[in-house]
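Participant: sequence and predicted structure, then a few things I'm wondering about:
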Amino acid sequence: MKYINDIDIAHKKVFIRCDFNVPMDENGNITDDNRIKQALPTIEYAIDNKSKIILSSHLGRPKGVKNKKYSLLPVAKRLSTLLNKKVLFAEDCIGQNSAEMINNLKDGDVLLLENLRFYKGEEENSQEFATKLLKFFDIYINDAFGVCHRKHASVYALPKMSKIVAAGFLLKTELDYFSKILESEEKPFVAVIGGAKISGKINCLTNLLNKADKVIIGGAQAFTFLKALGYSVGKSLVEDELMDTAKQIMNKAKKRGIKFYLPVDFVCSKEIEDDINCKTFTYQEIPDNMMGLDIGRASSILFSEALKDAKLIVWNGPMGVFEINSFFNGTKEMAKSIGETRALSVVGGGDTADAVKKANESENMSYISTGGGASLELLEGKQLPAIEVLEEKG
Ligand code: AMP
């Protein structure tokens with residue numbers, strides 16, 4: 001696979017597919033610009049190398065319809081501030097007007113196209129849509145790790161058609177960290193898996209059982225494991241149909257000598273809302289009319305001990321309903337415990353990245369991925385379609 005610094009981009013029209021899918025408040029203000037910041041090294045490299053730069057991205061789920069709420073204009077403005085340079089904005093991602101703006105670009109100019117998902121063709125991987133984009137540039141760069149698990153036109157059909165393709169620096173960083181995690185021989189390797197459901201994480205868990213020395217389970221998925229072991233979990237979220245799978249996972253862990261940790265206590269409540277009356281119970285004493293919504297203090301201490309000698313840590317999924325303060329402590333303590341280790345720690349994107357940020361521990365992680373779904377698929381041992389295209393063409 002080629003990277004942007006392997007090819008000559010000077011004076012060329014360089015199309016960079018970024019992932020500017022940033023969270024915004026109801027007034028269209030960007031609330032977290034991490035993804036924009038992570039894209040800067042590739043953009044700055046292209047500016048320094050005198051390319052004519054065409055940036056593109058999706059934002060949210062406009063479902064093929066133009067909708068101001070999902071406009072990338074605020075991203076162009078933030079980018080302009082971060083680059084300390086004017087960033088031009090095209091009000092469409094295809095069409096005559098965009099073509100003219102691109103033709104007027106001078107070396108070092110930066111233009112951002114409007115949201116790719118304003119056209120259905122993007123998510124449908126339409127050849128026709130990709131052909132319209134293809135006319136705009138000489139060189140295609142993919143730096144949008146967060147969408148590499150999707151077969152969407154801008155990351156799949158388009159690079160397949162393009163003559164010269166390469167990856168950007170963010171993609172390189174992401175792939176480097178995940179290959180360090182999945183290929184390093186350093187031990188102990190601890191996998192911390194939380195979140196809502198086992199169903200979304202079975203493949204990840206199964207794949208990590210081939211590699212991990214310890215697995216720590218948090219979040220609601222702990223309840224399916226505990227129920228499979230015969231404990232009563234009250235009204236907590238359980239996937240009854242996956243109890244056999246949960247047993248198989250625990251058996252496989254046992255056979256392989258993997259230390260498999262489940263929480264030993266839970267913060268429980270009757271409702272999923274900030275609740276001063278929520279109470280902690282041990283795993284054997286969850287009341288019938290309550291839900292476990294966070295791991296308790298004893299579990300946090302246990303997990304912290306299990307993490308102490310870790311050399312490699314991968315973390316995907318919060319320990320509880322971290323969005324609500326009453327149930328945030330377990331996730332906060334997990335972030336702190338991982339931050340205190342000397343391990344190479346890689347955090348999956350999405351909710352886990354948000355949780356680490358909320359815990360103020362981002363600085364203490366070795367790497368926080370920009371892609372939730374994409375990083376999960378890498379941990380499942382899957383090849384990402386958009387990466388495969390870059391490799392084929394490289
Ligand atoms: P995931 O996308 O699978 O990583 O799940 C993240 C979501 O899991 C977050 O929105 C959390 O609020 C939720 N979650 C974590 N623990 C629990 C729990 N004990 N009960 C219900 N939801 C939970």
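Facilitator: Looks like it came in fine. Numbers count the residues shown, from 1 in each chain.
Participant: just after whatever helix or strand Asn97 lives in, pick out the following helix or strand.
Facilitator: Here Asn97, judged by DSSP states H and E, is contained in helix 96-103. Of the helices and strands lying after helix 96-103 in sequence (DSSP H and E), the nearest is strand 110-113.
Participant: what helix or strand is the spatially closest residue to Ile7 that is not a sequence neighbour on?
Facilitator: Leaving aside its chain neighbours, Ile7 sits nearest to Ala166 (5.5 Å; criterion: Cβ to Cβ, 6 or more residues apart in numbering). Just so you know, the C-beta spots here come from the backbone N, C-alpha and C atoms, and that holds for glycine as well. Under the criterion of DSSP H and E, Ala166 resides in strand 164-167.
Participant: who's in contact with that strand?
Facilitator: 1-4, 6-7, 138-143, 159, 175, 387, 389-390, 393-394 (Cβ atoms under 8 Å, 6 or more residues apart in numbering).
Participant: from those, which land in helices?
Facilitator: Counting by DSSP state H, the members of the contacts of strand 164-167 that fall within helices are 159, 175, 387, 389-390, 393.
Participant: just among the residues you listed, which is most surrounded?
Facilitator: Among the ones in helices among the contacts of strand 164-167, Pro159 has the most neighbours (other Cβ atoms under 10 Å), with 25 neighbours.
Participant: returning to what we had before: got JSON lines for the ones in helices among the contacts of strand 164-167, with pLDDT and distance to Asn49 too?
Facilitator: Formatted as JSON lines, these follow (pLDDT from 0 to 100; distance: Cβ to Cβ, whole Å):
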{"residue": "Pro159", "pLDDT": "98", "distance to Asn49": "20"}
{"residue": "Leu175", "pLDDT": "97", "distance to Asn49": "22"}
{"residue": "Ile387", "pLDDT": "98", "distance to Asn49": "24"}
{"residue": "Val389", "pLDDT": "98", "distance to Asn49": "23"}
{"residue": "Leu390", "pLDDT": "98", "distance to Asn49": "19"}
{"residue": "Lys393", "pLDDT": "91", "distance to Asn49": "20"}
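Participant: in a strand, Val75, correct?
Facilitator: No: secondary structure assignment (DSSP: H, G, I helix; E, B strand; the rest coil) places Val75 in helix, not in a strand.
Participant: how deep is the spatially closest residue to it that is not a sequence neighbour tucked in, by neighbour count?
Facilitator: The shortest distance from Val75 to any residue other than its chain neighbours is 4.6 Å, reached at Phe20 (Cβ to Cβ, 6+ apart). Residues near Phe20, counting by other Cβ under 10 Å, number 24.
Participant: give me the pLDDT value at Ser71.
Facilitator: On pLDDT, Ser71 comes in at 97.
Participant: before we move on, what about the one 10 residues further on?
Facilitator: Per-residue pLDDT puts Thr81 at 98.
Participant: check Gly394 too.
Facilitator: 83.
Participant: what separation is there between it and Asn203?
Facilitator: Going from Gly394 to Asn203 by Cβ to Cβ, to the nearest Å gives 27 Å.
Participant: which strand or helix spans the closest residue to the ligand within the chain?
Facilitator: Nearest to the ligand, among the residues of the chain, is Gly195, at 2.5 Å (Cβ to the nearest ligand atom). Using DSSP H and E, Gly195 maps to neither a helix nor a strand.
Participant: how about the contacts made by the closest residue to it other than its chain neighbours?
Facilitator: Nearest non-adjacent residue to Gly195, counting by Cβ to Cβ, 6+ apart: Gly317, 2.9 Å away. If a contact means Cβ under 8 Å, 6+ apart, then Gly317 has 192-196, 201, 218-219, 221, 348, 351-352 as its contacts.
Participant: could I get those residues as TSV with pLDDT and secondary structure?
Facilitator: Shown next, in TSV, are these (pLDDT from 0 to 100; DSSP: H, G, I helix; E, B strand; the rest coil):
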residue	pLDDT	secondary structure
Val192	98	strand
Ile193	97	strand
Gly194	97	coil
Gly195	96	coil
Ala196	94	coil
Lys201	94	coil
Gly218	98	coil
Gly219	97	coil
Gln221	94	helix
Gly348	92	coil
Asp351	91	helix
Thr352	95	helix
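Participant: just the buried ones from those residues?
Facilitator: Among these, those classed as buried by 16 or more other Cβ atoms under 10 Å are 192-196, 201, 218-219, 221, 348, 351-352.
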